[in-house]
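Q: Prediction below, plus the sequence it came from.
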Amino acid sequence: MTDRDAGGALPLAGRLVVLGVTGSIAAYKAAEVTRALQAAGAEVQALMTASATHFLGPLTLAALTRRHVLLDPLELLPDERIAHIVAADAADAVLVAPATAHWLAAMANGLADDVITATCLATAAPVVVAPAMDGDMYRHPATRGNVATLQGFGYTVVEPEIGPLASGQTGQGRLAETAHLVAAVVAATAGRPVRAPDAASRPPLDPTLHERDLEGRRVLVTAGGTAEPIDPVRFIGNRSTGRMGVAVAEAALARGASVTLIKGHTSVELPRDAAVVAAETTAAMEAAVLAALPDADVLVMAAAVADFRPRTNSATKLTREAGLTLELEPTDDILAAASALVHERPGSRPVLVGFAAETGSLDRVAGKAARKRVDLMVANDVTAAGSGFGTPTNRVTLVAPGEAPEPWPLLSKREVADRLLDRVVTLLEARGRR
């Protein structure tokens, strides 16, 4: 547990800590260090040397920090700013953990041939260095001299601990405990103002990056519009492109889920890593959903299902001369059928999420959510600016039975998807505890 100050605040609240990871086997502990810094209130920007990536994939730290890991001193941010300079200027502290003998030597001599040394040379923030290596390497006079040089720069060196090493020997070279590293960062920043409180001055967050908190979960998503045939060439449909459902599928994949995407008519690129099932009509989509549902942990019904279909349809193309009068009948309610199925079976049930496309008032949505016994209902006014079919953005209101409606601002559909999955994960975790 992270100690709070006398006022109850986390010791690194509001601060940005730049974490440099070099090519020691102890690099695998960087994920734990990241978590601990975040638990103390910090945002984290990770930097890695090329050799560090052999021990830990950058995606792990990217997912934890929700920032791309910087790997090259020549790297630019999307707005063309030099990435390591932005990190250096915004950092409240730089923590290099683990620091190899090679990195200590390069830093002691100002050799900016990797992104971590370049950042340390460019920053006015305090630097904390945590060496990790074989015991004989750490005792070597060259290494001891380099450590002394860094201390002469004003850097804090957190001495490695004595214990079993990767070589099989026992000696001083193990990376210091995570709690000691966080304590050193807290001490280094104590009494200093936050250097870059404005998020625009920091390396940007990437909303598409997320912790893999759906690892091992099976997520079933519907997307697109259904098409009810009039004859072999004509149908009744709607303007759905599938963009919202695809965004949910992509967000779930990024969080480690196994995703089945049941698609009607779509006009957007589909995620390559999802299992895709084509279902053009409402009846076909219902059959596909109910068949896949028993294995699902989550069902997100983002498809725009047609509410009506022709009572009869022609096996041959109708001619213009004959004219056309359509008699319509309601289609089956897929979400209601899915809800009835899962509520009837014993044991845990999947999280059910519905979507409600409305025009004007959203007053009917709470009733829909209660009637269909869903966990969450996502409602939007498709006539509102930036919120209709095919738009890259959406303005939705989240409705959960028994809770006040939660209106969200205008967001990209991917951001809507990630916020929605945040709520889904919370529900899954609560059910797991029960």
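A: Now that the structure is in, tell me what you want to look at. Numbers count the residues shown, from 1 in each chain.

Q: need the helices for the chain, in chain order.
A: Using DSSP state H, the helices of the chain run over residues 30-39, 58-65, 83-90, 101-108, 115-122, 135-139, 141-152, 178-189, 243-254, 282-292, 334-344, 365-372, 413-433.

Q: Report the residue spans of the stretch 301-434 of the chain with pLDDT below the cut-off.
A: Residue ranges of the stretch 301-434 of the chain with pLDDT under 70: 346-347, 433-434.

Q: Which one, of the helices of the chain, ends up nearest to residue 162?
A: Nearest of those to residue 162, taken as CB to CB: helix 135-139 at 8.2 Å. The way it works is simple: take the backbone N, C-alpha and C, and place the C-beta from them, glycine included.

Q: Averaged pLDDT, the closest one. What do you get?
A: Per-region confidence: helix 135-139 scores 93 on mean pLDDT.

Q: let's have the chain start at 672 instead
A: Sure thing, new numbering starts at 672, so read that last one as helix 806-810.

Q: For my notes, please list the helices of the chain in TSV and give distance to residue 832 for each entry.
A: Formatted as TSV, those follow (distance: least, CB to CB, whole Å):
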stretch	distance to residue 832
helix 701-710	15
helix 729-736	23
helix 754-761	28
helix 772-779	16
helix 786-793	22
helix 806-810	11
helix 812-823	15
helix 849-860	8
helix 914-925	36
helix 953-963	51
helix 1005-1015	51
helix 1036-1043	54
helix 1084-1104	34
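
Q: okay, those, which one's buried deepest?
A: Most buried of the helices of the chain, by mean neighbour count (mean count of other CB atoms under 10 Å): helix 914-925, with a mean of 26.

Q: Centroid-nearest residue for this structure?
A: Central residue of the chain (CA atoms, centre = their mean): residue 881, 1.8 Å from the mean position.

Q: List the residues that contact that one.
A: Listed by CB atoms under 8 Å, 6 or more residues apart in numbering, the contact partners of residue 881 are 734, 737, 922, 925-926, 1089, 1092.

Q: can you put these in a markdown table and add distance to residue 844?
A: As requested, the contacts of residue 881 are exported to a markdown table (distance: CB to CB, whole Å):
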| residue | distance to residue 844 |
| --- | --- |
| 734 | 29 |
| 737 | 32 |
| 922 | 42 |
| 925 | 37 |
| 926 | 36 |
| 1089 | 41 |
| 1092 | 42 |
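
Q: picking up where we left off before, pop out the phi and psi values for the residue nearest to the centre of the chain.
A: Dihedral pair for residue 881: phi -160, psi 150, per degrees, to the nearest 10.

Q: quick revisit: among the contacts of residue 881, which one lies nearest to residue 836?
A: residue 734 (29.2 Å).

Q: Not counting sequence-adjacent ones, nearest residue to that closest one?
A: residue 882 (5.0 Å; CB to CB, 6 or more residues apart in numbering).

Q: how many neighbours does the one you found have?
A: Neighbourhood size, residue 882 [other CB atoms under 10 Å]: 17.

Q: got a list of what it touches?
A: 734-735, 926.

Q: So for residue 945, which of the helices of the chain sits nearest?
A: The closest of the helices of the chain to residue 945 is helix 914-925. By CB to CB, the value is 5.2 Å.

Q: Convert the closest one to CSV, retaining C-alpha atoms only.
A: Output in CSV follows, covering the C-alpha atoms of helix 914-925 (Å, rounded to 0.1, in the frame of the first residue of the first chain):
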residue,chain,number,x,y,z
ARG,A,914,-18.2,1.7,-37.2
MET,A,915,-19.3,1.6,-33.5
GLY,A,916,-19.4,-2.2,-33.2
VAL,A,917,-16.1,-2.5,-34.9
ALA,A,918,-14.6,0.0,-32.5
VAL,A,919,-15.8,-2.1,-29.6
ALA,A,920,-14.3,-5.2,-31.1
GLU,A,921,-11.0,-3.5,-31.7
ALA,A,922,-10.9,-2.1,-28.2
ALA,A,923,-11.7,-5.6,-26.7
LEU,A,924,-8.9,-7.2,-28.8
ALA,A,925,-6.5,-4.5,-27.6
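
Q: average pLDDT for that helix?
A: Taken as a whole, helix 914-925 carries a mean pLDDT of 94.

Q: by contact count, what packs against that helix?
A: strand 889-894, strand 929-934, strand 969-972, helix 1084-1104 (3 or more CB pairs under 8 Å, 6 or more residues apart in numbering; DSSP states H and E).

Q: List the contacts of it.
A: 879-881, 883, 885, 890, 892-895, 930, 932, 934, 937, 939-942, 944-945, 969, 971, 973-974, 1026, 1061-1063, 1065, 1083-1085, 1087-1089, 1091-1092.

Q: Going through those residues, which ones are buried?
A: 879-881, 883, 885, 890, 892-895, 930, 932, 934, 937, 939, 941-942, 945, 969, 971, 973-974, 1026, 1062, 1065, 1083-1085, 1087-1089, 1091-1092 (16 or more other CB atoms under 10 Å).

Q: From residue 952, how far out is residue 987?
A: 19 Å (CB to CB, to the nearest Å).

Q: measure residue 753 to residue 737 for me?
A: 21 Å.

Q: Quick one: residues contacting the spatially closest residue to residue 983 that is not a sequence neighbour.
A: Distances taken as CB to CB, 6+ apart put residue 998 closest to residue 983, at 7.4 Å, once the chain neighbours are dropped. Neighbour list for residue 998: 981-983 [criterion: CB under 8 Å, 6+ apart].

Q: any chance of those in JSON lines, plus neighbour count and distance to residue 694?
A: Shown next, in JSON lines, are those (neighbours: other CB atoms under 10 Å; distance: CB to CB, whole Å):
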{"residue": "981", "neighbour count": "18", "distance to residue 694": "66"}
{"residue": "982", "neighbour count": "9", "distance to residue 694": "69"}
{"residue": "983", "neighbour count": "9", "distance to residue 694": "70"}
